[in-house]
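In: A structural model of the following input is requested.
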Amino acid sequence: MSSLLWIEPRDVHALVGRLHSAKASSAVRAGAAEAPRTSDGPAVDGPRPAASARATAPPAKPGKGLAAELERFLDEGRRETGFSSAFVADHEGLAVTARGASEPLIAAGVSLVERWQMFRDHFGLPGDGRLVIELGEDGRLVMVPAETPWGVMSLGLVTTKSLSSDRLQAIAHAFARVFAERGEEKTT
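Out: Sure, this is the predicted structure:
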């Protein structure tokens, strides 16, 4: 069963802007005693980890062998979907591999996947967590999560092409198979 969530492009751009401002504020804090400020201005104690990161100890980072397999996966994905940028990121929003994707885009994509999963869990909605976000004239951000030993890993693709539900399901299965072939996939 497919899932649909509509997010206005201006909301995504605003989120990316706030993430970029928060990152700059964190860099200032690291070099000075001043508390970081959000884009709205008030001082904060520092960034809070995502709920999934607070619940368990952070897992070990994926090894180079997996990163190489993910690189091959993205090469094949570019041939099949023609994406303009793509990434695979961990549950903390850190890229394992990326092709033309900015850090704010990666952080926003992972954050949206986490929030969508929380929303689905809260309301008991079915689905596998895939998310397609319209980016206006720039195309679509397609987010595909997979549960792994390192927590949720997210595939993000920016494409101008519409991908059918069947195509999205095939991408999700192929992404999960990268981990399954290594004997490292958990069921979602």
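In: Between the two ends of stretch 126-143, what distance do you get?
Out: 17 Å (C-alpha to C-alpha, to the nearest Å).
In: Over that stretch, what's the mean pLDDT, rounded is fine.
Out: Across stretch 126-143, the average pLDDT comes to 86.
In: Please renumber the chain so that the first residue is 12 from this point on.
Out: Got it, first residue is 12 now, which makes that one stretch 137-154.
In: Can you give me the neighbour number for residue 128?
Out: By other C-beta atoms under 10 Å, the residues close to residue 128 number 18. For glycine as for every other residue, the C-beta is placed from the backbone atoms N, C-alpha and C.
In: Phi, psi for it please.
Out: Dihedral pair for residue 128: phi -70, psi -40, per degrees, to the nearest 10.
In: quick one, strands of this protein?
Out: 96-100, 106-110, 142-145, 151-159, 162-170 (DSSP state E).
In: Tell me which strands the third one pairs with, and in which orientation.
Out: According to DSSP bridges, the neighbouring strands of strand 142-145, each with its direction, are strand 151-159 (antiparallel).
In: Give me the residues contacting the partner strand.
Out: 23, 73, 116, 120, 123-124, 127-128, 139-146, 163-171, 173-174, 179, 182-183, 186-187, 190, 195-199 (C-beta atoms under 8 Å, 6 or more residues apart in numbering).
In: Can you flag the buried ones in the residues you listed?
Out: 23, 73, 116, 120, 123-124, 127-128, 139-144, 146, 163-170, 174, 179, 182-183, 186-187, 190, 196 (16 or more other C-beta atoms under 10 Å).
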